[in-house]
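Q: Sequence plus the predicted model coming up.
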Amino acid sequence: MESLESRRCLATVNFFPELGMLAIDGDGAANDIRIRSTSADDVRVVADGRDYGAFRGIETLRIRTAGGRDFVDVSLGATFPYLSVALGQGDDRLNVTVADPAGADPAVDPPEPDRVGRIRIDAGAGDDFVDVNLGATFPYLSVALGQGDDRLNVTVADPAGADPAVGDPAVDPPEPDRVGRIRIDAGAGDDFVKVRLPHDRYFMDIDMGSGDDVLQVIVGDRSKLGGGR
Ligand SMILES: [Ca+2]
Ligand SMILES: [Ca+2]
């Protein structure tokens, strides 16, 4: 009987073409959501073991896993502007990887609105583990870890091609849309937050909240840092 109960755990996947929104809603049990771009436009969804195939024309991807110990893995090659993940209660695990578009050179191809840009993560209550790996041209990341002893890793890749941190300002003037913004609210609990950035041209707003917290911010891992603007 118990195995029957657990097999009932099934996320709901709805695509609203008029809104360009793909909404994935978990239930109170442990959901397993895996999302992967299969080409420049297609996003494939596997939820609780069921393959929903590929979706095209997504502008907003909204994932809500509700209670339970949920696992969410999102790996994208940058195809739409808005990603929102709410993990709800429970000790959840979230991996988000958003690569820069293939061959993207931020000096030649500034970020365009048709790529993954704004990312909002709300881990909710529970001891959550959130791992975020971003390409260098993302514009906005907001993470709220909520209550619980949470762990967050954020890594931003080195820019492909010309490095805006060391570019020639005369040829390649700094532009606001090349600088990402990162907001982190760690909430209550004993949290561990680690942020790795390739250069210092990101706006950072970090509130560790109450609890016995650890914050590590590593800017640049090579001596090229400080190459001037
Ligand atoms: Ca759930
Ligand atoms: Ca949670």
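A: Everything's here; your move. This is a predicted model, so every value here is computed, not measured. Numbering: from 1, shown residues only. Ligands and ions are numbered 1, 2, ... in the order given.
Q: Please state the offset of stretch 153-161 from the chain centre?
A: Per CA atoms, centre = their mean, to the nearest Å, the displacement of stretch 153-161 from the mean C-alpha position of its chain is 13 Å.
Q: mean confidence for it?
A: In this model, stretch 153-161 has a mean pLDDT of 81.
Q: May I have it as CSV, with CA atoms only?
A: What follows is stretch 153-161, C-alpha atoms only, in CSV (Å, rounded to 0.1, in the frame of the first residue of the first chain):
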residue,chain,number,x,y,z
ASN,A,153,26.7,27.7,-4.2
VAL,A,154,26.6,30.3,-7.0
THR,A,155,29.3,30.1,-9.7
VAL,A,156,29.4,32.5,-12.7
ALA,A,157,31.6,31.4,-15.5
ASP,A,158,34.4,33.4,-17.1
PRO,A,159,33.1,35.4,-20.0
ALA,A,160,33.6,33.7,-23.4
GLY,A,161,35.7,35.7,-25.7
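Q: who's in contact with the residue most central in space within the chain?
A: Ranked by distance to the mean C-alpha position of the chain (CA atoms, centre = their mean), the top residue is Val96 at 4.4 Å. By CB atoms under 8 Å, 6 or more residues apart in numbering, the contact set of Val96 is 74-75, 83, 85, 119, 121, 130-134. Just so you know, the C-beta spots here come from the backbone N, C-alpha and C atoms, and that holds for glycine as well.
Q: Just those: which are in strands?
A: Among the contacts of Val96, the members falling in strands (DSSP state E) are 74-75, 83, 85, 119, 121, 130-134.
Q: re the thing from before, filter the contacts of Val96 down to the buried ones.
A: Among the contacts of Val96, the ones that count as buried by 16 or more other CB atoms under 10 Å are 74, 83, 85, 119, 121, 130-134.
Q: Which one of the residues you listed is nearest to Asp191?
A: Distance to Asp191 across the buried ones among the contacts of Val96 (CB to CB) is lowest for Val130, with 10.5 Å.
Q: Dig out what the closest one forms beta bridges with.
A: Beta-bridge pairing for Val130 (DSSP bridges): Leu94, Leu152.
Q: same thing with the one 10 residues further on?
A: Note on Tyr140: beta-bridge partners by DSSP bridges are Arg118, Arg181.
Q: And Arg34, by the same measure?
A: Per DSSP bridges, the residues bridged to Arg34 are Val46, Asp73.
Q: do you know how far it is from ligand 1?
A: 14 Å (CB to the ion, to the nearest Å).
Q: right, and that residue touches Leu76 too?
A: No. Between Arg34 and Leu76 there is no contact under CB atoms under 8 Å: 11.7 Å.
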